[in-house]
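Q: Prediction below, plus the sequence it came from.
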Amino acid sequence: MDRFTKQYIFALLIIALLALFSEMSLISVIRSQESSAALIDISGRQRMLSQRIALLISQLGSKQTIDDRRETVMQELTSTIQLAEQSHQNLIDPGSYLYRDSKLSDAVHDIYFTEPHNLNKLILEYLAAGKRIVSSRVDAKAEELDYFHPDVQLVLEYAKGKLISEMDYIVKQYVNESKNSVAFLKRLATLILLVTWCTLVLIAFVIFKPMVSAIRLSRTELERDIDERKQVEQHLLHVLEQERARISRELHDSVSQQVAGLAMITKSLSNKFKDSNRLETESLNHIGSNLQALGDELRQIIHDLAPLEIENDSLLEALTKLVDSANRQAATDYRLQHSTPEPARMLNSETKIQLLRIVQEAIHNTKKHAHAEQVTIELKHENDSLFLGINDDGAGFKVDAKNGECFGLGIMKYRASVIGASLEIHSQAGRGTNIICSLPYKPESTIERS
């Protein structure tokens with residue numbers, strides 16, 4: 001694992017931890033808000049229940065309340081006291097009603113359990129008085145409730161004064177804590193945003209900026225290597241052309257002359273023995289014919305190896321000369337087609353040489369392998385590309401099998417790649433071969449080079 005990969009993983013880990021921290025913080029604040037909302041709701045209901053208890057006790061002692069109605073009031077008073085007790089239990093122990101880790105804040109705890117508020121004591125006294133009143137009125141036909149009874153006086157006094165004010169105070173405390181939680185949530189969100197931005201900026205400068213610089217450097221080095229490779233390839237092709245020229249000269253100056261000399265000697269011997277020894281004469285004539293054929297093939301090889309003199313020729317002119325030469329040396333019908341106006345006039349010499357060598361190799365293959373009767377060479381310019389096609393009606397072959405075995409096809413593709421072109425070969429056994437070389441080409445932006 002390289003340095004940049006480790007830094008990238010480290011950056012992702014930091015971002016993931018920030019996201020996790022943000023999520024946990026938000027969950028905690030949301031739970032706090034849910035608890036605050038629930039406690040405010042319960043506190044409000046507790047205040048309503050306390051008022052309801054006082055109202056029912058008042059109705060219970062009213063002379064206007066008939067006996068049948070008193071029984072209903074008693075049942076309602078009993079259930080209201082039970083609801084008030086449950087609400088109070090939920091308020092002083094929120095963990096039993098909300099989340100397990102929910103607990104009273106210090107301020108709320110002081111209001112419930114310490115002086116001067118001690119709301120818990122007031123509520124318990126209030127509910128206890130209510131339950132004693134219920135117990136003393138078990139008989140629905142009992143006498144009217146005595147308003148001067150201590151329990152009744154306590155309930156009415158608490159309902160009108162101290163209990164209600166303390167309940168209002170606790171509700172306000174819950175509301176303030178809820179507002180504080182919202183304010184904290186906003187500050188936390190701002191803090192998380194700032195930390196995230198700072199972290200991203202730090203990561204960008206410490207990790208990604210060096211990484212981008214390294215990538216740019218690697219890209220520059222790669223482009224330089226590609227350019228160097230192209231230069232080496234072009235140099236190799238130039239050396240290859242020089243070597244072809246050297247071999248052509250040596251074949252012309254030595255082997256070709258020797259073959260021609262042997263052919264002349266053979267012919268001379270044949271003439272010398274033509275009247276005395278018929279068998280030897282026939283043998284010498286056969287040897288002479290073979291030497292003549294060998295000489296013709298050597299001259300073709302020398303011609304193919306010789307440097308292409310195209311300094312002052314366009315690609316079309318050079319192709320015309322190549323096709324004319326092929327027609328003179330073989331029975332195959334070679335034809336050249338091109339678009340009008342003449343394409344590829346501004347190609348540089350190196351590109352023209354490689355394209356001509358591709359055509360030359362294709363012509364050689366049609367003579368040696370395809371045994372074609374007609375070969376069409378087409379040159380055209382379309383959509384900022386130059387297309388050079390060679391089509392024959394010869395024997396054809398299986399492309400997948402030949403591609404890996406035929407050196408000629410491989411060198412053709414190599415020559416195309418050196419000049420930035422692509423080469424496609426389509427062929428089927430018995431249905432001829434189609435070779436297409438396509439080269440990106442914009443005449444207005446191409447300059448002639450030697």
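A: Arrived safely.
Q: which of the residues in stretch 179-186 are buried?
A: Ser181, Leu185 (16 or more other C-beta atoms under 10 Å). Placement of C-beta: from N, CA and C, glycine included.
Q: which residues sit against that stretch?
A: Leu26, Val29, Ser32, Gln33, Ser36 (C-beta atoms under 8 Å, 6 or more residues apart in numbering).
Q: Quick check, pLDDT for the last one.
A: Per-residue confidence for Ser36 comes out at a pLDDT of 77.
Q: got the contact list for it?
A: So Ser36 contacts Tyr174, Glu177, Ser178, Ser181 (C-beta under 8 Å, 6+ apart).
Q: Can you give the distance of the helix or strand hosting the last one from its chain's centre?
A: Per DSSP states H and E, Ser181 falls inside helix 162-203. Here the centre of mass of C-alpha atoms in helix 162-203, compared against the chain's by C-alpha atoms, centre = their mean, to the nearest Å, lies 40 Å away.
Q: any idea of the mean pLDDT for that helix?
A: Averaging pLDDT along helix 162-203 yields 83.
Q: now the helices for the protein?
A: Taking DSSP state H as the criterion, the chain contains helices spanning 3-61, 67-92, 106-113, 119-136, 150-160, 162-203, 209-250, 256-273, 278-305, 315-329, 349-365, 399-403, 407-418.
Q: Quickly compare these and say which is most buried.
A: helix 349-365 (a mean of 21; mean count of other C-beta atoms under 10 Å).
Q: now what about it, what contacts it?
A: 234, 237, 241, 304, 308, 310-311, 313, 315, 318-319, 322, 326, 334, 344, 347, 375, 377, 388, 390, 408, 411-412, 415-416, 418-419, 421, 423, 433, 435, 437, 439, 448-450.
Q: and the angle for it with helix 209-250?
A: 60 degrees (axes from the mean of the first three to the mean of the last three C-alpha atoms, to 10 degrees).
Q: which stretches of the stretch 251-400 of the chain have low pLDDT?
A: Scanning the stretch 251-400 of the chain for pLDDT under 70 picks out the ranges 273-278, 303, 305-312, 340-346, 400.
Q: what about 80?
A: Residues of the stretch 251-400 of the chain meeting the criterion pLDDT under 80: 251-261, 263, 267-286, 288, 291-293, 295-313, 329-331, 339-347, 368-370, 398-400.
Q: Can you give the domain ranges for this structure?
A: What automatic domain parsing lists as the domains of the chain is 3-209, 310-445.
Q: how long is the longest one end to end?
A: By that I understand domain 3-209. Length of domain 3-209, first residue to last, C-alpha to C-alpha, to the nearest Å: 14 Å.
Q: Among the contacts of Ser36, which one sits closest to Ala429?
A: Using C-beta to C-beta, Ser181 is the member of the contacts of Ser36 that sits closest to Ala429, with 83.4 Å.
Q: now the nearest residue to Lys442 once chain neighbours are set aside: how far from Ser438?
A: Nearest non-adjacent residue to Lys442, counting by C-beta to C-beta, 6 or more residues apart in numbering: Asp384, 5.4 Å away. As judged by C-beta to C-beta, to the nearest Å, Asp384 and Ser438 stand 11 Å apart.
Q: Could I get the contacting residues of Gly288?
A: Ala263, Thr266, Lys267, Ser270.
Q: Swap in 6 Å and give it another go.
A: Applying C-beta atoms under 6 Å, 6 or more residues apart in numbering, we find Gly288 in contact with Ala263, Thr266, Lys267.
Q: Now render those residues as a markdown table, adding distance to Arg249.
A: Below are the contacts of Gly288 laid out as a markdown table (distance: C-beta to C-beta, whole Å):
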| residue | distance to Arg249 |
| --- | --- |
| Ala263 | 21 |
| Thr266 | 26 |
| Lys267 | 26 |
